[in-house]
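Engineer: Here is the input, now give the coordinates:
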Amino acid sequence: MLTALLLIPIVGSLALLPLNEETNVTRIKQIALATSVINFILSVVLWGEFDSSSVQYQFVQEFNTLSFCHLNIGIDGISLYFVLLTTFITPLCILSNWDNIKFGMKYYVIAFLLMETILIAVFVVLDLMLFYIFFEAVLIPMFLVVGIWGGSITRIRASFLLFLYTLGGSLFMLLAIMVIYYNVGSTDFSAITLSDMSLDAQKVLWLAFFLSFAVKTPMAPFHIWLPRAHAEAPLAGSILLASVVLKLATYGYLRILIGMMPDATSYFSPLVQTLAVVSLIYSSLATMRQSDFKALVAYSSIGHMGVVVLGLFSNTIVGIEGAILMSIAHGVISPAMFILVGGVLYDTYHTRVIRYYRGLVAYMPIFSILFFLATAFNMGVPLSLNWRGERLSLAGIFQKSPIIGVLGASSIVLSACYSIFLFNRICFGAVSEYITTAKDVTRREFMLLLPLLLVAVVFGICPNVILNDLHVGVTQLLYSA
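Structural biologist: Now for the predicted structure:
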């Protein structure tokens, strides 16, 4: 079944190649959407058949063709929800730019189908070398999406920042993988976990991996590429970047740093916690000063990922499970925010500058209600999935360090400040003189937003649906090393 998840987007891409874009653009979009929906349905079936009580990888398949690289795939409770998030978001990405890509639509949707396969592969491969290959391969289609279909002339600079920052950081990970293969003789996850690495060796390898993941998270001071990439990317690019691509680092922290190098992780946890708090507070303060609302949502993502990192490196079951919940919550609410400001508002008024907007509640009541809900969830109001994840993450880090826990809890106040500012500035007050049209959300935009908000509410009220699947995997991660 995992093989089918990987191959269906590739098959859909191959089916699109012979079509003439000038005469079949609607058919191209329909095939791409149908392909992504089929993959999502298959992932839901996979979720239904998943055994949450098993400590082993499930749905394992092996394709051993090379002596140094074994294509073994499988999932556990940790990777399951990242796969579900990927297949859930991809159809929404294709729908989000349904009408406003004016050229190259065929290659645009093919890029997203290929990214779906690559992202799923990152979460299901059980070999460190293949993890690196797919981890880096996602940069190629994302670079093309931002550079070709971006919003302004500065899209070229943004695409190169995205590519070079993340590729440069990941070179250290490649060197670390080569060292591991030289000493262990394998890059298989299980073999590396069972190997006996000294603390000094773990420290050096840990720093190499951490630098790669810190750039992808991103954490200050490695975050410069993210606001630029978000601001210039087309809407679908911003959605996929915020919802799934930023979660590659979260998965890497869990699977490699915490799972394979527990002693070095314990040693460096105070350093990571300090960097996460600095990143959280700095990005939240920077968010308040943004004049571009896509850049504002991008900076808010840095703050939310800081909370995720605090939960991950709390070294507690509560904190790690909360961090995964927070990652999933951010993966649905951040796309909703981008659809509202980078989709609905930008498509209507063609500007991202916040000061041009005011008083939209008088002309766009449905938009204002949806924007209020997304804003409330983004700042973690009770009964939302963001609140569940943030509360558990901060509870986990507070058990280890009350001081870091209190500093991390400042995110509650800071996120409320910039979220309320953005909503109040756009929706309330006297109607802006620059607003000349009054088009509310379309049916397509409403149907894009509804599933994202429903996921945040349903799993915020019933988080045990996710936690029950996570608990065995997280416990095994912490206590099997």
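Engineer: count of residues packed around Ile153?
Structural biologist: 8 (other CB atoms under 10 Å). All C-beta atoms are positioned from the backbone trio N, CA, C, and that covers glycine.
Engineer: would it count as being in a strand?
Structural biologist: No. If the criterion is DSSP: H, G, I helix; E, B strand; the rest coil, then Ile153 is coil and not within a strand.
Engineer: if I look at it, how far off is Ser159?
Structural biologist: Here Ile153 is placed at a distance of 12 Å from Ser159 (CB to CB, to the nearest Å).
Engineer: ditto for Ser432
Structural biologist: 32 Å.
Engineer: who has more neighbours, the two?
Structural biologist: It is Ser159, of Ser432 and Ser159, that has more neighbours when counted by other CB under 10 Å, with 25 against 15.
Engineer: got any ranges where this structure has weak pLDDT?
Structural biologist: Residues of the chain meeting the criterion pLDDT under 70: 64-70, 480-481.
Engineer: How about the contacts made by Phe209?
Structural biologist: Phe209 makes contacts with 172-173, 176, 252, 256-257, 261, as judged by CB atoms under 8 Å, 6 or more residues apart in numbering.
Engineer: What count of nearby residues applies to Met261?
Structural biologist: By other CB under 10 Å, 24 other residues sit near Met261.
Engineer: again with Leu211
Structural biologist: 17.
Engineer: so what's it up against?
Structural biologist: Residues in contact with Leu211 (CB under 8 Å, 6+ apart) are 169, 172-173.
Engineer: Where neighbours are concerned, which of those residues has the most?
Structural biologist: Neighbour max across these (other CB under 10 Å) = Met173, 25 neighbours.
Engineer: Grab the nearest non-local neighbour of it.
Structural biologist: Ser212 (3.9 Å; CB to CB, 6 or more residues apart in numbering).
Engineer: before we move on, what about Met219?
Structural biologist: Here the residue nearest Met219, using CB to CB, 6+ apart, is Ser279, at 4.5 Å.
Engineer: got it, and Ala4?
Structural biologist: Leaving aside its sequence neighbours, Ala4 sits nearest to Leu42 (CB to CB, 6+ apart; 6.0 Å).
Engineer: What is the three-state secondary structure of Ile61?
Structural biologist: If you look again at residue 61, you'll see it is Gln, not Ile. With three-state DSSP as the basis, Gln61 sits in strand.
Engineer: Is the nearest residue to it once chain neighbours are set aside part of a helix or strand, or is it coil?
Structural biologist: Distance criterion CB to CB, 6+ apart; nearest residue to Gln61, sequence neighbours excluded, is Ile73 at 5.4 Å. Of the three states, Ile73 takes strand under three-state DSSP.
Engineer: Any idea how many residues pack against Ile73?
Structural biologist: As a burial measure, Ile73 scores 23 neighbours (other CB under 10 Å).
Engineer: can you check Val122 too?
Structural biologist: Around Val122 there are 27 other residues, counting by other CB under 10 Å.
Engineer: excluding its backbone neighbours, what's nearest it?
Structural biologist: Take Val122 and drop its neighbours on the chain: the residue closest to it by CB to CB, 6+ apart is Phe134, 4.5 Å away.
Engineer: And for the one you found, the neighbour number?
Structural biologist: The number of residues packed near Phe134 is 19, by other CB under 10 Å.
Engineer: what's Phe398 in contact with, if anything?
Structural biologist: When contacts are counted by CB under 8 Å, 6+ apart, Phe398 touches 404-406.
Engineer: Of these, which belong to helices?
Structural biologist: Within the contacts of Phe398, residues falling in helices by DSSP state H are 404-406.
Engineer: Just the buried subset of those residues, please.
Structural biologist: Buried residues within the ones in helices among the contacts of Phe398, defined by neighbour count using 16 or more other CB atoms under 10 Å: 404-405.
Engineer: could I get the ones in helices among the contacts of Phe398 as TSV with distance to Phe123?
Structural biologist: Conversion of these to TSV gives the following (distance: CB to CB, whole Å):
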residue	distance to Phe123
Ile404	29
Gly405	29
Val406	33
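Engineer: closest to Ala362 among the ones in helices among the contacts of Phe398?
Structural biologist: Here the nearest of the ones in helices among the contacts of Phe398 to Ala362, counting by CB to CB, is Val406; it sits at 41.2 Å.
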